[in-house]
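*Asks:* Next one to model:
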Amino acid sequence: MNGLDIAAVVIALVAVAAPLLVRGLSRWVAVPIVVFELLLGILVGPQVLGWVDESAFIDFLSEFGLVALFFIAGSEIEASALRGRGGRVAWLGWAISIGVGVGIGFVLSPGEAGVIVGIALASTALGALVPILRDSGDLRTPFGRSVMAVGTVGEFGPLIAITLFLGGRDIGTATVVLLIFLVVAAGAMALAYRMPQGPLYTVVTATLHTSGQFAIRVMFLIIAALVVLSVILGVDVLLGAFAAGVIWRLLMRGAGEKQRKDVETKVEAVAFGFLIPVFFIDTGIEFDLASLIAEPLLLLAVPVALVGLLIVRGVPSMLAAPPGSSARDRVATMFMGATALPIIVAVTTIGVDERVLEGSTAAVLVGAGMLSVLLFPLLTAIARGKRATSAGDSLEWDSAPMSDTA
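*Replies:* So this is what the prediction gives:
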């Protein structure tokens, strides 16, 4: 077998092992599955065991996984979460985050590198939070909706910033290009909202359990169209994937409950069962652990950057907590808002590829993002007085008897 064959088997083995480890530990602690995907990726990668090395094909699949992650994030967006007070305070919190983050970035690395640091510190991993909220049963609660608002703005805002400031264009041209993309995307959303849905759902239902799989093929068409549009205009492809998820949600909004759940199950099977795990595992494989170990100061910089995430992104996120929230829920919102990784990976990759960001700095930021995904959801559960229990084939959460005051 060649290296690619071995890599495919090892990555598949890691993808299978991760949920088993989550389930095995679920009686004592709820660990997000992405944590094991990242850690196992580091373990089997060239930095530790050396079973898997970087390869163009795995990178290709990983990029699809990142696109799928942002598509799922877009498809989970509820317009109500961004309207009224929730949307206003979420944007206000992010404006504070990006201002403080870029300020810190310029102090540490003046110029474009400072912008990259600022964008990384002002991001939220909505794609990682969605499955956590879904598994904990909080997705449709006031707390969950506030976290969704924070996460949506914390991913959409950085994508806008990447397009405006890191696309190699002057700010005026970049703004025009972004507006063109947003107008086209808004037109597609309006079309999806107004188009007759009866015939669409008839075909979807007829092919749900056949080789036709019309719903999944339409999904891939929407993703391809928006991603290609992003490439043509020079907009970050993740913005296209995010917009594709919103369009998909609009198309499926009128489907029956059973029909919608059947389609969602198939979409999630493709995304969470195949593409997204490859992205997180490959992120672990490519993580520059050697640079951190070789430089003790860099290793110490990782927890410092983690605290930076908590201060820059987490504290302003508390503004979005629902009125009357307990102190515990406000702290939990802070931890969830500071949970970041995909944007950090994306923006630091751009910086390293364009040679404006040192690889060691990227490793510190990505390391902090990985720690945030590992620690902050756990601290969220502790802050809210919840414990994880295993039930059936899913991870459920039970409220522990704790009292609190607002």
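
*Asks:* alpha carbons only for contacts and neighbour counts from here, please
*Replies:* Will do.

*Asks:* any weak-confidence spans in the stretch 201-350 of the chain?
*Replies:* Low-confidence segments of the stretch 201-350 of the chain (pLDDT under 70): none present.

*Asks:* Can you give me the distance of residue 156 to residue 74?
*Replies:* Distance, residue 156 to residue 74, by C-alpha to C-alpha, to the nearest Å: 9 Å.

*Asks:* higher neighbour count, the two?
*Replies:* Neighbour count, other C-alpha atoms under 10 Å: between residue 156 and residue 74, residue 74 has more, with 26 against 22.

*Asks:* element containing the more buried one?
*Replies:* Element membership of residue 74, judged by DSSP states H and E, is helix 56-75.

*Asks:* Could I get the full set of helices for the stretch 1-150 of the chain?
*Replies:* Here the stretch 1-150 of the chain has its helices, by DSSP state H, counting those that start in this stretch, at 3-25, 33-44, 56-75, 84-108, 112-121, 126-136, 142-165.

*Asks:* Return the most buried member of these.
*Replies:* The highest average neighbour count among the helices of the stretch 1-150 of the chain, using mean count of other C-alpha atoms under 10 Å, belongs to helix 112-121 at a mean of 26.

*Asks:* ok, and what's touching that helix?
*Replies:* Helix 112-121 is contacted from outside by 97-108, 158, 161-162, 165-166, 308-309, 312-313, 343-344, 347-348, 351, 356-357, 365, using C-alpha atoms under 8 Å, 6 or more residues apart in numbering.

*Asks:* same thing but 7 Å
*Replies:* For helix 112-121, contacts defined as C-alpha atoms under 7 Å, 6 or more residues apart in numbering pick out 98, 101-102, 104-106, 108, 158, 308-309, 312-313, 343-344, 347-348, 351, 356-357.

*Asks:* for stretch 85-103, same thing?
*Replies:* Under the criterion C-alpha under 7 Å, 6+ apart, residues 81, 114-115, 117-119, 121-122, 146, 149-150, 153-154, 312-313, 316-317, 319-320 lie in contact with stretch 85-103.

*Asks:* what's the spacing between that stretch and its chain's center?
*Replies:* Its chain's C-alpha centre and that of stretch 85-103 lie 18 Å apart, by C-alpha atoms, centre = their mean, to the nearest Å.

*Asks:* Would you mind writing the CA trace of that stretch as CSV?
*Replies:* This file holds the C-alpha atoms of stretch 85-103, laid out as CSV (Å, rounded to 0.1, in the frame of the first residue of the first chain):
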residue,chain,number,x,y,z
ARG,A,85,-32.3,42.9,20.8
GLY,A,86,-30.5,39.6,20.3
GLY,A,87,-29.1,40.6,16.9
ARG,A,88,-28.2,44.1,18.0
VAL,A,89,-26.2,43.1,21.1
ALA,A,90,-24.6,40.2,19.2
TRP,A,91,-23.2,42.7,16.6
LEU,A,92,-22.3,45.2,19.3
GLY,A,93,-20.3,42.5,21.1
TRP,A,94,-18.5,41.5,18.0
ALA,A,95,-17.7,45.1,17.1
ILE,A,96,-16.1,45.4,20.5
SER,A,97,-14.2,42.1,19.9
ILE,A,98,-12.8,43.0,16.5
GLY,A,99,-11.8,46.4,17.7
VAL,A,100,-9.9,45.1,20.8
GLY,A,101,-8.6,42.1,18.8
VAL,A,102,-7.1,44.2,16.0
GLY,A,103,-5.7,46.6,18.6
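
*Asks:* Now do the contacts for the residue nearest to the spatial centre of the chain.
*Replies:* Central residue of the chain (C-alpha atoms, centre = their mean): residue 127, 2.8 Å from the mean position. Shown in contact with residue 127 (C-alpha under 7 Å, 6+ apart): 69-70, 72-73.

*Asks:* Need phi/psi at residue 358.
*Replies:* Main-chain dihedrals, residue 358, degrees, to the nearest 10: phi -70, psi 140.

*Asks:* Give the burial count for it, as a bare number.
*Replies:* Residue 358 - counted by other C-alpha under 10 Å - has 13 other residues nearby.

*Asks:* Ok, the one 10 residues further on next?
*Replies:* Neighbours of residue 368 under the rule other C-alpha under 10 Å: 26.
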